[in-house]
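Undergrad: heads up, no residue letters with this:
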């Protein structure tokens, strides 16, 4: 079993956004570039495809995604949610939540019905403690002898509607996860410093300059 596979199947591995800042052997790449919205979106798709080809020459070995369950109930007490919202605004938020939940469930059903998978339940969230209002499971799907439609997954991450999923593509050979968060960029999380160093020069043309000093430090072997 590869190291990245072992990590992602463990409850002790907190694979959550912001991936670059939460994981020591990670690189951050910029996707969208350009002065107009159309050029920005087009360049995001091209650069995401280029990064994908570098990391997954034989295709992804697995897909992971987080399945979130939220407590959407509202108590009406002062300070709960936002009691200042109008009924119309609250209804709009509820409709948005329903759409997002439906998209998440459709994706969950499609992946679990097609691929061998494991579920790691009750993982840490952003809001822990007795009053937390969400729960998270990580779904790990193996390719086996099937194939993933990775390009469709990448394209979906670059769209505003429906909202991007909390999904990543996994390479066992290259010990990494590629997670595109939206048209702005993506993070590549490696299981080892050796793999980070191997792919550093190939991914460097895509680096987000803002985080370049931190990536240089990591290349030097400091987690």
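TA: Received the coordinates, thanks. Model, not experiment: these values are computed from the prediction.
Undergrad: any stretches of this protein with poor pLDDT?
TA: For the chain, the stretches flagged by pLDDT under 70 are 74-84, 223.
Undergrad: what segments of it are helices?
TA: In the chain, the helices defined using DSSP state H lie at 3-8, 19-22, 37-55, 87-114, 150-157, 193-203, 212-219.
Undergrad: distance to residue 168 and mean neighbour count for the ones you listed - can I get that in CSV?
TA: Using the backbone N, CA and C atoms, a C-beta is placed for each residue, glycine as well. Output for the helices of the chain, formatted as CSV (distance: least, C-beta to C-beta, whole Å; neighbours: other C-beta atoms under 10 Å):
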stretch, distance to residue 168, mean neighbour count
helix 3-8, 9, 18
helix 19-22, 8, 17
helix 37-55, 11, 16
helix 87-114, 13, 12
helix 150-157, 9, 16
helix 193-203, 15, 16
helix 212-219, 19, 15
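Undergrad: for residue 179, which of those is the nearest?
TA: helix 19-22 (5.5 Å; C-beta to C-beta).
Undergrad: who's in contact with residue 64?
TA: Residue 64 makes contacts with 8, 15, 138, 139, 140, 141, 167, 168, 170, 177, as judged by C-beta atoms under 8 Å, 6 or more residues apart in numbering.
Undergrad: mind putting those in JSON lines, distance to residue 130 included?
TA: Shown next, in JSON lines, are the contacts of residue 64 (distance: C-beta to C-beta, whole Å):
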{"residue": "8", "distance to residue 130": "28"}
{"residue": "15", "distance to residue 130": "24"}
{"residue": "138", "distance to residue 130": "23"}
{"residue": "139", "distance to residue 130": "26"}
{"residue": "140", "distance to residue 130": "29"}
{"residue": "141", "distance to residue 130": "32"}
{"residue": "167", "distance to residue 130": "30"}
{"residue": "168", "distance to residue 130": "30"}
{"residue": "170", "distance to residue 130": "34"}
{"residue": "177", "distance to residue 130": "31"}
